[in-house]
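Visitor: Got a sequence here, can you model it:
(chains A and B)
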Protein chains: 2
Amino acid sequence: MPRPESPTPITSRQNQWFRRFLHALSEHDREIVVEGPKMVSDAIASGWTPIAVARSIEVAPSLFGEVDDVIPFTADLFASLVETKTSQGVVGLFVRPQGTVAAIMEDERLVVVLDGVQDPGNVGTIIRLAAAFDAAGVVVTPGTADPFGPKAIRSSAGAILNVPTVTATPDELLAAAARRRKALLAAAAEGSAGSIDMTGSVLIFGSEGSGVSTLLRQASRLIAIPTSGRVESLNVAASAAILLAQAFEQRQSRR
Amino acid sequence: MPRPESPTPITSRQNQWFRRFLHALSEHDREIVVEGPKMVSDAIASGWTPIAVARSIEVAPSLFGEVDDVIPFTADLFASLVETKTSQGVVGLFVRPQGTVAAIMEDERLVVVLDGVQDPGNVGTIIRLAAAFDAAGVVVTPGTADPFGPKAIRSSAGAILNVPTVTATPDELLAAAARRRKALLAAAAEGSAGSIDMTGSVLIFGSEGSGVSTLLRQASRLIAIPTSGRVESLNVAASAAILLAQAFEQRQSRR
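Guide: Next up, the predicted model:
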C-alpha cells in the first residue's frame, strides 16, 4: 500500500488507510493504534514498529522518527477514528508487539497474570501497576480484554511500552511457570491472608465477577487481602495495586 | 408536590417529578438519585430519607419500604434520566445525607480526605476502599467531584451507604482534626517512604494532576509509596488502595 505523496487530506471512508486504521482499532490482531503525539514518539523510541502515522488536518504536520510522512485526514474522518481529545489529532499504526510467555518467565521478577479480566480499563490500569512495581511482564489468558485495544492502551498511560505483555492459554502458562519453577499465587477472597512471600512468583488475578478460573486456581496457592467485611469485594485493579505494592516492598527489603 | 394516584405513566418532560429527578441528577445539592432496586432498598434500610421512587413502565411495579407508591415513566422518558442498564428501570430520589466533619473526627479510626480529586469514578472507588478498610469516613474539599453525583455513587458500589461522607473547607478540616489531635498525612510522590503509622490519622489524597493543595500539604507529614520509577505516577485510586490496606493492616496488628 503506497503512501499518498501529496498533503491532500483523505476524505473518503473507503480509503485504504482509513479502513486499515479502523480495522486495527476494532480488531487489534496484527496491527494496533496508539493515540497522541507523545505516545507515538515513545512507541517508536521503545522499538515498536511503526506502519504509518495519521493526523487531523486541524493539526500541524510534524515528523515522527523513521516514519516518512504523516497522512492527513479531514477533521470529520479523523474524529470518527478515535477520541480526538486523547489523540490530540495524531494517531500511529504499529505492528502488534509479539512476545512469548517463556521469555517473560525467564525474568526473575514477579509475573502478573490476568485471567478473564473483562474491563479494558482494568487491564490497562494493572499494566500501569505492573510497571510501577517492576514486574517482569503481564500474561493475559483468552477471555481477558485485549491489552492492545485502544481503551486498555489509554488506561496503561504509556506503561504498556515498557512492560512485556503477551497472551497465552492457561496450559501454556502452567507449562512455562513449571519449567522455571515459579510459584503460582492466585488472588481470591477465601485465600490465606498471612504474609506470603510473592517475590519472583506468578501472581494471578481473575475476572471481576467470578475470579480466577478453576484450572489456574487449582494449581495455585490462594492469597487474600484482609478487609473489614463492610464491602462484598475489592475491585480487581485495587487488589492488584495492593498486592503488587506489597510484593515490591518484599523484594526491596530482601536486598 | 402530591404524588400521582393513578398508574398512568408520566409522558411529559414538563412534569414536576421528571424535572425534580433531573435536577437531582445534575445538581445533587439537596436531593440525590440512586439507581437500581437493590441500591434503593439498601439506601432506605441504611436510613436515608426517600422522597420518591420512579420506574420505567417496562419494569413491573414493586414496593420499597416506606415509599407509598412508585411513579411510572414512559420508557423513553425514563431512559433520558439515567443509565438504564445500571438502574434496571428503577431510581430513587433521596434527601442528600448531611453530616459534619466534626462527627467524623470523633471516630478513632482513620479519616480519608479527598482534596481536589476531580474524577467522580475515582471518588466513588475511594469511598468503596474506605469501607473495605474500615475508615471512619470520607471528607471532600471544594474542587473535588461530588460524592453524591450519580457516577460517584455508582462507582462506590453501595459503599457510600455505610461510609459517612461530608464536604468541608480545608480550614474546617484543619480545625476539626486539631481539636481531636489527629495526625495529618498527605500522599505525595516526594514524601517519606518509610513505614509511617497511619492508625487513626487523617490521610489526604490530592488531585490527579497537581496533588494535595498547598494549605493542607503544609500542615501534613508527606507519605510516599515506593515505586520502581518505570512510571511517572500512580493513579489516585491505586495510591488510596495501597495506603488504606497498609493502614488497616497496621491497625489489625496493633490489637
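
Visitor: where in chain A is pLDDT low?
Guide: Residues of chain A that meet the criterion pLDDT under 70 lie in A:1-6, A:65-66.

Visitor: residues from it in reach of chain B?
Guide: Within chain A, the positions adjacent to chain B are A:125, A:128-129, A:131-134, A:157-159, A:162-163, A:225-228, A:230-232, A:234-235, A:237-239, A:241-242, A:245, A:248-249, A:252 by C-beta under 8 Å from any C-beta of the partner chain. C-beta coordinates here come from the backbone N, C-alpha and C atoms, glycine included.

Visitor: Just those residues: which are in helices?
Guide: Here DSSP state H is the test, and those give A:125, A:128-129, A:131-132, A:237-239, A:241-242, A:245, A:248-249, A:252 as lying in helices.

Visitor: Any quick ChimeraX command for the buried ones out of these?
Guide: Selecting the buried subset of these in ChimeraX, with 16 or more other C-beta atoms under 10 Å in any protein chain shown as the burial test, is done by:
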select /A:125,128,129,131,132,237,238,239,241,242,245,248,249
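
Visitor: What is the nearest of the ones in helices among the residues of chain A next to chain B to residue A:218?
Guide: Taking C-beta to C-beta as the measure, residue A:218 sits nearest to residue A:239 out of these, at 19.9 Å.

Visitor: who touches that closest one in this structure?
Guide: Shown in contact with residue A:239 (C-beta atoms under 8 Å, 6 or more residues apart in numbering or on different chains): A:187, A:205, A:225, B:241.

Visitor: coming back round to it: switch the ones in helices among the residues of chain A next to chain B over to a markdown table; also include distance to residue B:30.
Guide: Rendered in a markdown table, the data for those read as follows (distance: C-beta to C-beta, whole Å):
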| residue | distance to residue B:30 |
| --- | --- |
| A:125 | 35 |
| A:128 | 38 |
| A:129 | 39 |
| A:131 | 44 |
| A:132 | 41 |
| A:237 | 33 |
| A:238 | 32 |
| A:239 | 37 |
| A:241 | 35 |
| A:242 | 37 |
| A:245 | 40 |
| A:248 | 45 |
| A:249 | 45 |
| A:252 | 49 |
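
Visitor: thought residue A:25 was touching residue A:80?
Guide: No. Counting by C-beta atoms under 8 Å, residue A:25 does not reach residue A:80; the two are 10.3 Å apart.

Visitor: mind listing the strands for chain A?
Guide: According to DSSP state E, chain A carries its strands in the segments A:31-35, A:50-56, A:70-73, A:90-95, A:111-115, A:137-140, A:165-167, A:184-192, A:202-206, A:221-223.

Visitor: could you redo those as TSV and give each row mean neighbour count?
Guide: Compiled in TSV, these are given as follows (neighbours: other C-beta atoms under 10 Å in any protein chain shown):
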stretch	mean neighbour count
strand A:31-35	24
strand A:50-56	22
strand A:70-73	22
strand A:90-95	23
strand A:111-115	27
strand A:137-140	25
strand A:165-167	20
strand A:184-192	18
strand A:202-206	26
strand A:221-223	18
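
Visitor: Now the residue nearest to the spatial centre of chain A: closest residue in space that isn't a chain neighbour?
Guide: Residue closest to the average C-alpha location in chain A (C-alpha atoms, centre = their mean): residue A:147, at 3.5 Å. Counting by C-beta to C-beta, 6 or more residues apart in numbering or on different chains, the nearest residue to residue A:147 once its immediate chain neighbours are dropped is residue A:165, at 4.8 Å.

Visitor: check contacts around that neighbour.
Guide: Contact partners of residue A:165, counting by C-beta under 8 Å, 6+ apart, are A:97, A:99, A:127, A:137-140, A:147-148.

Visitor: Return the closest of these with respect to residue B:214.
Guide: Nearest to residue B:214 among those is residue A:127, at 32.9 Å by C-beta to C-beta.

Visitor: Quick check: that closest one touching residue A:145?
Guide: No. In this structure, residue A:127 sits apart from residue A:145 without contact. The criterion is C-beta under 8 Å, and the distance is 11.1 Å.

Visitor: Against residue A:34, how distant is the nearest residue to residue A:151 once chain neighbours are set aside?
Guide: Leaving out its chain neighbours, the residue that sits closest to residue A:151 by C-beta to C-beta, 6+ apart is residue A:120, at 4.0 Å. For residue A:120, the distance to residue A:34 equals 14 Å [C-beta to C-beta, to the nearest Å].

Visitor: Equivalent analysis for residue A:245, please.
Guide: From residue A:245 over to residue A:34 the distance is 27 Å, taken as C-beta to C-beta.

Visitor: ditto for residue A:97
Guide: When distance is defined by C-beta to C-beta, residue A:97 is 11 Å away from residue A:34.

Visitor: repeat for residue A:202
Guide: In this structure, residue A:202 and residue A:34 are 28 Å apart, going by C-beta to C-beta.

Visitor: what do you get for residue A:107?
Guide: 24 Å.

Visitor: try residue A:28
Guide: Counting by C-beta to C-beta - residue A:28 and residue A:34 are separated by 11 Å.

Visitor: Residue A:219 now?
Guide: According to C-beta to C-beta, residue A:219 and residue A:34 sit 35 Å apart.

Visitor: now residue A:157
Guide: For residue A:157, the distance to residue A:34 - C-beta to C-beta - is 12 Å.

Visitor: again, but for residue A:23
Guide: Residue A:23 sits 15 Å away from residue A:34 when distances are taken as C-beta to C-beta.

Visitor: swap in residue A:58?
Guide: Using C-beta to C-beta, we find residue A:58 at a distance of 19 Å from residue A:34.
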